[in-house]
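1. any chance you could fold what I've pasted below:
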Amino acid sequence: TTAALASAGQCPDLPSFRTDYVKSSFKSSLLLGFWHEQAFIDIAQVGASCPTLNATMAKDGTTIDMAFKVDYGKLPFTIIEEYFATNVTGYFIKQAEMPGAGFLKLPTTVVDVTLSSDGTQYETMTLYSCTTKLGLVVPELIFASRQRDFASADLAKLEDTARTQGVKWEESSLKSINWTACK
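-> Numbering: from 1, shown residues only. Purely as a prediction, here's the structure:
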């Protein structure tokens, strides 16, 4: 099973977690824009709050740059995460845009997305990443939506889809965001 913190083993086959929709119809351009994380498992976010993502297309036209912002207490922190496209639809190699980042490449799959009613953007996304460092599995799971206020029943649907697709995690490891505590 996948835990919040690193555990011994190896990462699963990430592309196998994609829904049929992602496999056949995913379009990176529909991810562009502002997102609110609703729940996550991410060892790098210990002590952080109010996580958001702002996705833009890089100059190469295939890489997505996501400005990932969190607050550590009253201090905001932003880093650019680059999602490099692969030849597998909905499967990326994520890397932070910073010195030494080339050493940490994080395979990431889009597990699922939901299309807006007008078809112009995705309204929700579920991302699952995993890497193995020094024999330890380091997973990351993100449930995000365009809306800041997101019903717990809607989050439960995203979680159910991820589980149906084979993503495993301990419920106690998933941190839900209380957006009322954020600016």
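2. strand partners (parallel or antiparallel) of the helix or strand in which Leu53 is found?
-> Using DSSP states H and E, Leu53 sits within strand 49-57. As defined by DSSP bridges, the strand partners of strand 49-57 come to strand 33-42 (antiparallel), strand 64-72 (antiparallel).
3. show the average pLDDT along that strand.
-> For strand 49-57, mean pLDDT rounds to 96.
4. just the CA trace of the top helix by length along the chain, in PDB.
-> Longest helix in the chain, counting residues (DSSP state H): helix 152-164. Output of helix 152-164 as PDB, limited to C-alpha atoms (Å, rounded to 0.1, in the frame of the first residue of the first chain):
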ATOM      1  CA  SER A 152     -17.000  16.800   0.600                       C
ATOM      2  CA  ALA A 153     -19.400  14.600  -1.400                       C
ATOM      3  CA  ASP A 154     -17.600  15.800  -4.600                       C
ATOM      4  CA  LEU A 155     -14.200  15.100  -3.100                       C
ATOM      5  CA  ALA A 156     -15.500  11.600  -2.100                       C
ATOM      6  CA  LYS A 157     -16.400  11.000  -5.800                       C
ATOM      7  CA  LEU A 158     -12.800  11.900  -6.900                       C
ATOM      8  CA  GLU A 159     -11.400   9.600  -4.300                       C
ATOM      9  CA  ASP A 160     -13.700   6.800  -5.400                       C
ATOM     10  CA  THR A 161     -12.600   7.200  -9.000                       C
ATOM     11  CA  ALA A 162      -8.900   7.100  -8.000                       C
ATOM     12  CA  ARG A 163      -9.500   4.000  -5.900                       C
ATOM     13  CA  THR A 164     -11.400   2.300  -8.800                       C
END
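5. helices or strands up against that helix?
-> Counting contacts by 3 or more CB pairs under 8 Å, 6 or more residues apart in numbering; DSSP states H and E, helix 152-164 packs against strand 33-42, strand 106-115, strand 122-133, strand 136-145. C-betas here are computed from N, CA, C, even on glycine.
6. number of residues surrounding Phe26?
-> Using other CB atoms under 10 Å, Phe26 is surrounded by 18 other residues.
7. spatially nearest residue to it, not counting backbone neighbours?
-> Among residues not flanking Phe26 along the chain, Gly90 sits closest, at 4.3 Å (CB to CB, 6 or more residues apart in numbering).
8. shouldn't Ser172 be within a helix?
-> Yes. With DSSP: H, G, I helix; E, B strand; the rest coil as the criterion, Ser172 is located in a helix.
9. any regions of this structure where pLDDT drops low?
-> Filtered on pLDDT under 70, the chain yields the residue ranges 1-8, 98-103.
10. roughly how far does Glu159 sit from Thr124?
-> 11 Å (CB to CB, to the nearest Å).
11. related to what we said a few turns ago, residues near the residue nearest to Phe26, how many?
-> Neighbour tally, Gly90, other CB under 10 Å: 26.
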